[in-house]
Every structure is written in structure tokens, then in C-alpha cells.
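Chemist: quick one: sequence plus predicted model below, questions after.
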Amino acid sequence: MKRKSNNEGSIRQRKDGRWEARATGGVDFGTGEKKRISVYGKTKAEVIKKLQALEYQIHHMEQIDPTSTTLVEWLRYWLETYKMHNLKQSTYVSYRGYIEKHVAIAFPFMKLKDLTARDLQEFYNYKIANGLSPKTILNIHRCLHEALKQAVLEHYLTFNPSDAVVLPKREKPEIEILTLEEQAKLMQASYHHRYGIFVRLALTTGLRLGEVLGLAWENIDLRNGTLFVRQTLNRLEKIDYSGIGTKTEIVFQVPKTKNSIRSIPLLPFVVKWLQEWRNIQLSDKAIAGAAYQDMGLVVTNPIGGYIEPKTFKCYYNQILSMSGIGHYTFHALRHTFCTRALENGMDAKTVSAIMGHYSVAFTLDTYGHVLDSHKREEMMKMENMFSIPIQQQSYPVVVTPSQNGFILTPIDFSDLTLKADNIQYGISCIQSEITQKLTSSYPPSPTPTSEINTNPTEFIVMINI
């Protein structure tokens with residue numbers, strides 16, 4: 001029998017009818033021996049295909065040849081070797097998507113050593129021209145930059161080409177905000193749905209959907225009215241040995257950033273809502289009996305289990321339909337909370353901490369439009385502080401009779417001299433002119449009548465302003 005070379009796999013059919021292929025690769029660090037890795041399939045053809053993929057991966061994980069390794073091979077190796085256990089599962093899945101759905105399609109045969117900054121720049125430019133958002137471009141770049149930095153550290157590259165590219169500016173996200181009227185209608189409708197409390201909770205705390213679904217009772221202090229965000233619930237792609245697959249699973253994980261792990265003070269009526277919901281759960285438990293699964297979660301189905309994000313979105317859409325306000329994403333509730341907080345004078349630093357933003361600057365940049373309108377409203381309150389106060393004054397007007405009527409000369413407003421046929425009409429006009437002028441200038445002190453020289457035919461009339 002021909003001896004199998006190193007890493008060459010073997011195939012056999014098991015007693016249970018399934019086919020098994022085995023290959024040797026890598027080191028079992030517990031024993032120091034070569035690892036034997038198995039893959040399984042229903043048919044021989046299926047298992048041969050899996051074996052080929054496994055042997056290809058083993059070969060390229062054990063041997064990185066800087067002269068022949070492609071960019072995609074390096075990225076896959078880097079992700080599996082250096083990042084699988086250092087990233088949140090959601091971030092890992094995102095990175096894998098960037099590699100497989102973008103980079104692998106654009107650079108299927110590009111050698112790692114041949115990659116240039118121009119290649120990356122043209123790649124980014126092409127993606128932008130074809131509608132990919134600047135945010136996604138920046139995320140792809142972050143993944144590539146980390147991988148290429150590792151290649152430089154291991155001397156597979158002398159320079160990181162991603163350092164030389166010009167990145168697009170990040171666009172401000174378009175945010176949806178409910179009006180006060182829509183907010184009131186949604187709140188009202190939420191009281192007619194089992195899960196309406198969690199719509200109200202999001203509106204009054206700014207929680208994300210994953211944060212709401214991941215809430216545990218141990219993270220809520222009802223006595224002191226404080227909620228702690230310490231885990232999230234999401235459905236994510238599974239990570240198998242090869243890092244390739246489309247199956248998904250429910251994942252409880254800590255929030256992505258340290259700022260997302262936070263405490264939120266609860267309003268008294270929110271505490272009351274949660275206490276009422278706790279009583280509903282206790283009723284569910286009594287009805288379900290042994291079938292009840294007490295997972296310690298806040299958001300649960302009638303038998304105590306978690307609720308999928310997709311399922312909860314269906315419940316949320318039902319409440320939206322009942323409210324009649326049209327469609328808003330669940331995330332719009334978070335934007336609405338932040339907007340209302342700023343509108344009501346909560347300082348930006350406190351808002352940023354409650355929202356779990358990475359910086360106050362991000363909060364101000366994202367919700368600047370709210371502050372702009374709020375600043376205008378607040379500025380208008382200062383109008384009276386700087387307006388010129390007009391006190392009632394009596395100003396002398398010299399009236400000179402003429403052949404065609406009268407000439408009226410206000411001594412303190414000489415530029416307003418007026419001719420009139422009727423003295424009463426003339427005085428009324430002079431009074432209006434002076435009043436108008438005083439809206440934009442400080443009123444002068446009236447000249448005493450004793451200081452005014454008049455002709456024998458002239459006389460003085462006092463007008464009140």
C-alpha cells in the first residue's frame with residue numbers, strides 16, 4: 001500500500017452510514033503530536049469536497065510563502081489565527097463578510113506582496129462610485145489595515161499600503177425622530193400590546209434593540225431605579241472551525257465598547273411599568289408550570305424563553321400599525337429619546353453617557369440639528385434683555401403757522417419736520433414718526449421748554465411718546 005504523505009487525508013464509510021475524511025495538520029499543543037482533523041458527509045463526493053477544502057486550508061495555515069501567498073489567503077489566515085478569539089462574534093462575522101463579499105471578489109488572484117496603495121485607492125473609489133457607503137468603506141479599510149499591519153510585523157511586507165490611501169469622509173447618519181404627537185400616539189398604542197412596555201422603555205432610556213432583548217433582572221435595580229446595560233442578544237452567523245458557514249445562532253455577548261456598558265437612571269413610572277411586567281412573568285410561570293424556562297431575562301415569551309430580534313420587530317410593527325403613525329425603525333426610538341433629552345435641557349455629556357456613545361463630540365455631531373433649533377429658541381428668550389426700553393416721555397414740538405397750514409418741528413428730532421393743513425393731523429403724524437424712530441435708537445432726553453426760543457406767532461405743543 002502506498003504510504004500517505006504528510007497532510008494527505010484518508011476516507012472511509014462509518015458503520016452509521018456516514019462518510020468520514022481525516023487529514024493531518026497543525027500541532028496538538030496538549031501532546032505535541034500532529035493533529036488529526038475529521039470532516040463528515042452523507043456521500044463520498046460530499047466528504048471528498050470537504051476534505052479538499054480542509055487540506056487546502058491546512059496547507060496555507062502551515063505555510064505562508066510571501067512570494068506566492070495571495071492577499072485573500074493572508075486575510076483569511078489572519079482572521080482565523082489572530083482575530084477569532086480577540087473579536088466579538090458580531091465583529092468577526094462583519095470582518096469575514098468584508099473579506100469574502102468585497103476583497104475576495106475584487107482581488108481573487110492578487111499576490112500579497114504585489115498589493116499597492118494605488119490598488120486599494122482604486123478599489124475604494126470603485127466601491128464608492130457603485131453606491132457603497134463611506135461608513136462601510138471605512139470598516140473594510142479598518143479590517144485590511146489591521147491584517148496588512150500584521151503582515152508587515154511578520155516581514156511579509158516592508159510597507160503597509162493601506163497607510164497611503166485617502167479615505168472618504170464619514171457621512172452623518174440620517175436619523176428618524178418621532179414628533180411629539182407621534183410619540184404620544186405610539187405610547188398610547190403600546191398599552192394595548194403584551195410587549196408595549198419595551199417600546200416605552202426604549203423611548204424613555206434610549207436602549208438599542210439588542211440591549212432591550214438582552215436585559216436580565218439581575219441588571220435592574222428596581223429599588224434604586226437604575227438599569228445596567230451589560231449584555232446584548234443578537235442572532236449572528238455561527239463560527240465553525242473553517243470560519244465559513246451560513247448557519248446562525250442566538251448570541252448573548254457584552255456590548256462592543258466600554259462606553260456601551262453603562263448605567264441608566266429610571267424614571268419612577270418606568271420602575272412601575274417594570275414591576276407590573278414582573279407580575280405578568282410570574283403569572284406566565286404559574287400557568288406554564290414545569291414547561292417554564294426561567295432564564296432570568298426581562299423580555300420573555302409566555303414560557304420564559306428569549307425573544308428573537310426578528311420576532312420582536314414583528315411585535316413592534318404591530319404596535320406601530322395600531323398607533324397609525326406610519327413606519328419607523330426601532331432605532332428611531334433611541335434617536336427620539338436623545339432628541340427629547342437635548343430639547344429639554346439635559347447637558348450633552350450626560351446624554352452621551354446615557355446613550356453609550358464613544359464621545360460627547362459624536363453626540364453633538366449626530367444631534368447638532370436639535371441643538372441648533374434649541375439654541376434659537378433659547379436665544380429668543382434674551383430678546384427683552386437687549387431691546388431698548390421705551391419709557392413714556394413728553395417731547396416739545398414747535399408749531400409755526402404758515403399760509404398753507406402749519407409747520408411742525410420736534411426740537412429733539414429736527415429731521416422729522418412736517419407740514420400739515422390740520423394741526424391735529426400733523427401732531428398725530430409726528431407722534432407716529434417719533435415712535436417708529438425710537439424702535440431702533442435710544443430715546444433722547446426731552447429739551448425743557450424754557451430753553452426753546454420761539455417767534456411771537458409760534459407756540460409749543462407737548463406730545464407723549
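Modeler: That came in fine, so what should we check first? Nothing here was measured: the structure is a model prediction, and the numbers come from that model.
Chemist: how near is the closest residue to V254 other than its chain neighbours to G214?
Modeler: The shortest distance from V254 to any non-neighbouring residue, by C-beta to C-beta, 6 or more residues apart in numbering, is to Q231 (5.9 Å). In this view, the C-beta of every residue, glycine as well, is placed from N, C-alpha and C. According to C-beta to C-beta, to the nearest Å, Q231 stands 4 Å off from G214.
Chemist: more neighbours: these two, which one.
Modeler: G214 (25 against 19; other C-beta atoms under 10 Å).
Chemist: might you report the residue contacts of the residue nearest to L418 when sequence neighbours are not counted?
Modeler: Once flanking residues are discounted, L418 sits nearest to L408: 4.9 Å by C-beta to C-beta, 6+ apart. Residues in contact with L408 (C-beta atoms under 8 Å, 6 or more residues apart in numbering) are 397-400, 417-420, 423, 426-427, 430, 461.
Chemist: again with E211
Modeler: 229, 232, 255, 260.
Chemist: now the residue nearest to V254. Its backbone dihedrals?
Modeler: phi -150, psi 160 (degrees, to the nearest 10).
Chemist: quick revisit: identify, from the contacts of L408, the entry nearest to L178.
Modeler: Among those, I430 lies closest to L178 (C-beta to C-beta), at 55.2 Å.
Chemist: so that closest one makes contact with V397?
Modeler: Yes: counting by C-beta atoms under 8 Å, I430 touches V397, with 6.0 Å between them.
Chemist: now the common contact residues for these two.
Modeler: Common neighbours of I430 and V397 (C-beta under 8 Å, 6+ apart) are 408, 410, 463.
Chemist: assign a three-state SS to the first one, would you?
Modeler: Secondary structure for L408, judged by DSSP: H, G, I helix; E, B strand; the rest coil, is strand.
Chemist: helices or strands next to whichever strand or helix holds Q424 in the packing?
Modeler: Using DSSP states H and E, Q424 falls within helix 423-437. Applying 3 or more C-beta pairs under 8 Å, 6 or more residues apart in numbering; DSSP states H and E, one finds that helix 423-437 contacts strand 394-402, strand 405-410, strand 418-420, strand 459-464.
Chemist: contacts for that helix?
Modeler: 395, 397, 399, 405-406, 408, 410, 413, 416, 418-420, 461, 463-465.
Chemist: okay, the contacts of E211 in JSON lines with secondary structure, pLDDT and neighbour count next?
Modeler: Formatted as JSON lines, the contacts of E211 follow (DSSP: H, G, I helix; E, B strand; the rest coil; pLDDT from 0 to 100; neighbours: other C-beta atoms under 10 Å):
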{"residue": "V229", "secondary structure": "strand", "pLDDT": "96", "neighbour count": "23"}
{"residue": "T232", "secondary structure": "strand", "pLDDT": "95", "neighbour count": "24"}
{"residue": "P255", "secondary structure": "coil", "pLDDT": "87", "neighbour count": "19"}
{"residue": "S260", "secondary structure": "helix", "pLDDT": "90", "neighbour count": "18"}
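Chemist: and the residues you listed, which is closest to N125?
Modeler: Distances from N125 to the contacts of E211, taken as C-beta to C-beta, are shortest for S260 (33.0 Å).
Chemist: so that closest one touches I354, yeah?
Modeler: No: in this structure S260 lies outside contact range of I354 using C-beta under 8 Å: 11.4 Å.
Chemist: what is in contact with these two at once?
Modeler: By C-beta under 8 Å, 6+ apart, no residue touches both S260 and I354.
Chemist: ok, the shared contacts of I430 and V397 vs P268, which is closest?
Modeler: Of those, the one sitting nearest to P268 (C-beta to C-beta) turns out to be I463, at 60.7 Å.
Chemist: burial measure for the nearest residue to that closest one once chain neighbours are set aside, as a count.
Modeler: In this structure, I463 finds its nearest non-sequential neighbour in Q431, 5.1 Å apart by C-beta to C-beta, 6+ apart. Using other C-beta under 10 Å, Q431 has 16 neighbouring residues.
Chemist: from L438, how far out is Q431?
Modeler: 11 Å.
Chemist: just H193 next, same as before
Modeler: From H193 to L438 the distance is 61 Å (C-beta to C-beta).
Chemist: can you pull the contacts of the nearest residue to G426 once chain neighbours are set aside?
Modeler: Closest residue in space to G426, ignoring its immediate chain neighbours: A420 at 3.0 Å, by C-beta to C-beta, 6+ apart. Shown in contact with A420 (C-beta under 8 Å, 6+ apart): 405-406, 408, 426, 429.
Chemist: now render those residues as a markdown table, adding pLDDT.
Modeler: Shown next, in a markdown table, are the contacts of A420 (pLDDT from 0 to 100):
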| residue | pLDDT |
| --- | --- |
| G405 | 90 |
| F406 | 92 |
| L408 | 90 |
| G426 | 89 |
| C429 | 91 |
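Chemist: out of those residues, the closest to I287 would be?
Modeler: C429 (85.8 Å).
Chemist: where does the stretch 201-350 of the chain have low pLDDT?
Modeler: 239-246 (pLDDT under 70).
Chemist: the helices in it, which residues?
Modeler: For the stretch 201-350 of the chain, the helices defined by DSSP state H, counting those that start in this stretch cover 209-213, 268-288, 309-323, 331-343, 348-355.
Chemist: deepest in the core, which of the ones you listed is it.
Modeler: Among the helices of the stretch 201-350 of the chain, helix 209-213 has the highest mean neighbour count (mean count of other C-beta atoms under 10 Å), at a mean of 23.
Chemist: secondary structure class for P168?
Modeler: Put simply, P168 is coil when judged by three-state DSSP.
Chemist: and the closest residue to it other than its chain neighbours, how far is that from Q281?
Modeler: In space, and not counting its chain neighbours, P168 is closest to P134: 4.0 Å by C-beta to C-beta, 6+ apart. According to C-beta to C-beta, P134 and Q281 sit 44 Å apart.
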